[in-house]
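[1] Give the three-dimensional model of this entry:
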Amino acid sequence: NENIINSLLQSNNLRTLYLIDPVPLGRYGPSLASWDRLQHLSIVLTRSYPELKDTAFIPPKSLISFTFHDKSQGDVPWPLASDLASCTNLQHLDLAITRLHPTTAGAIGFLVSSYQKSLTELTLQVLPGAVEEENMGFQSVLQSAQPLHFPKLERLRLPGSSCDTSFFQCFSADELKYFEVGWL
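    The predicted structure is shown next:
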């Protein structure tokens, strides 16, 4: 697996990377900055990785689309250590969980808050099999990260989630054209 990472790192022309259960996970987060032309990154975890909570996310400046789907049981929180300063034009953020660990909620709030000025599409998804109390979780995440102003956001998707009317008071989106929620 170490050879695969090294080979990928030498592919400096890489534009799209789709990883399912990358091992060792701890090497991929910091290595992202090495792909200076990478525009689209998708990571899917189907099982728990204890090292996830200690993995730093360092995206390249060129990244415009990031998908992170955690299909594990959610017993390991998402990392809070990230260096997002160089990546200033992220337009599409797609995050999915089965369990919203408090630290994971903090990490998601940090990502959304950090990229609110550049996002054109935001998807926060509760995956099938999630415990029922997670259904309102993303509303809580956005409410705790407020005030949020999305000047470019056109699409906001919350599939598998629910929200109440107070949700619409925790953010503003000047260009919002599409809104999807599991149920109100």
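
[2] Please report the distance of the residue lying closest to Gly74 once chain neighbours are set aside from Gln125.
    Spatial nearest neighbour of Gly74, excluding adjacent residues (Cβ to Cβ, 6 or more residues apart in numbering): Arg99 at 2.6 Å. (Each C-beta comes from the backbone N, C-alpha and C, glycine too.) Distance from Arg99 to Gln125, counting by Cβ to Cβ, to the nearest Å: 13 Å.

[3] for Val112, same thing?
    On the measure of Cβ to Cβ, Val112 and Gln125 end up 13 Å apart.

[4] Could you report the neighbour count for the residue nearest to Gly74?
    Here the number of neighbours of Arg99 (other Cβ atoms under 10 Å) works out to 20.

[5] same deal with Phe168?
    Neighbours around Phe168, by other Cβ under 10 Å: 12.

[6] Point to the helix or strand of the chain where mean pLDDT is at its lowest.
    helix 25-31 (a mean of 70; mean pLDDT, DSSP states H and E).

[7] which strand is the longest one in this protein?
    The longest strand of the chain (DSSP state E) is strand 155-162.

[8] Just the residues contacting that one, thanks.
    Here strand 155-162 makes contact (Cβ atoms under 8 Å, 6 or more residues apart in numbering) with 120-128, 130, 135-139, 150, 173, 176-184.

[9] So which of those are in helices?
    Using DSSP state H, the subset of these located in helices is 137-139.

[10] May I ask which of these has the most neighbours?
    Phe138 (27 neighbours).

[11] Quick check, it in contact with Val112.
    No. Counting by Cβ atoms under 8 Å, Phe138 sits too far from Val112 to count as a contact (9.3 Å).

[12] what does the following helix or strand past the least confident helix or strand of the chain contact?
    Per DSSP states H and E, helix 25-31 leads on to strand 40-45 as the next helix or strand towards the C-terminus. With Cβ under 8 Å, 6+ apart as the test, strand 40-45 has contacts from 15-22, 25, 28, 32, 52, 59, 63-72.
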